[in-house]
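Colleague: here you go, sequence then predicted model.
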Amino acid sequence: MQAMPSNMVGGEGMELTFGAYSHPGKVRKINEDYFFIPTGKTTIKNLVIVADGMGGHNAGDIASRMVVEDIFRYYGQNMHQIVSLEDAKDSVIKSMQAANTKVYRQSKTHIRYEGMGTT
């Protein structure tokens, strides 16, 4: 089980309150979900990421963690270039594409990773 307390962020007259909870469910023994929610300690305040590892496939837990961490890293490295909503969308799309490529490449390195994936 993973849980995060609710947080509040705001900007330009908007305030969001959110929290997260994750559970492996009744079928799986391990939780294959992974997420990022900004807290007061994070430099990125305007991004929430949720990845659901593909149950029944190899290494869904690893794939979901890889994706969240890669999107976070890519977005953080490029957020200084974001000046519009379109820039933000482009950065998220590019970060997802890069993370997807990394998971795919990892899936080819060892039989235990074959077919790994996340949504």
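Modeller: Cool, the structure landed. Numbers count the residues shown, from 1 in each chain.
Colleague: which strand or helix spans the residue nearest to Gly115 when sequence neighbours are not counted?
Modeller: Residue nearest to Gly115 in three dimensions, not counting chain neighbours: His57, with 4.8 Å by C-beta to C-beta, 6 or more residues apart in numbering. The way it works is simple: take the backbone N, C-alpha and C, and place the C-beta from them, glycine included. Under the criterion of DSSP states H and E, His57 resides outside all helices and strands.
Colleague: please report how far the spatially most central residue of the chain lies from Phe36.
Modeller: By C-alpha atoms, centre = their mean, the chain has its centre lying nearest to Val68, at 2.6 Å. Noted for Val68: a distance of 5 Å to Phe36, by C-beta to C-beta, to the nearest Å.
Colleague: joint contacts of the two?
Modeller: Ile49 (C-beta atoms under 8 Å, 6 or more residues apart in numbering).
Colleague: so who does the residue nearest to Gly115 touch?
Modeller: Taking C-beta under 8 Å, 6+ apart, one finds Gly115, Met116, Gly117 in contact with His57.
Colleague: top of these by neighbour count?
Modeller: Met116 (24 neighbours; other C-beta atoms under 10 Å).
Colleague: now do that one against Tyr21, distance only.
Modeller: Met116 is 24 Å from Tyr21, by C-beta to C-beta.
Colleague: contacting residues around the biggest helix by length in the chain?
Modeller: Looking across the chain with DSSP state H, the single longest helix is helix 85-107. If you take C-beta under 8 Å, 6+ apart as the criterion, helix 85-107 is touched by 46-47, 58-59, 62-63, 66-67, 70-71, 74-75, 78-79, 81-82, 113-118.
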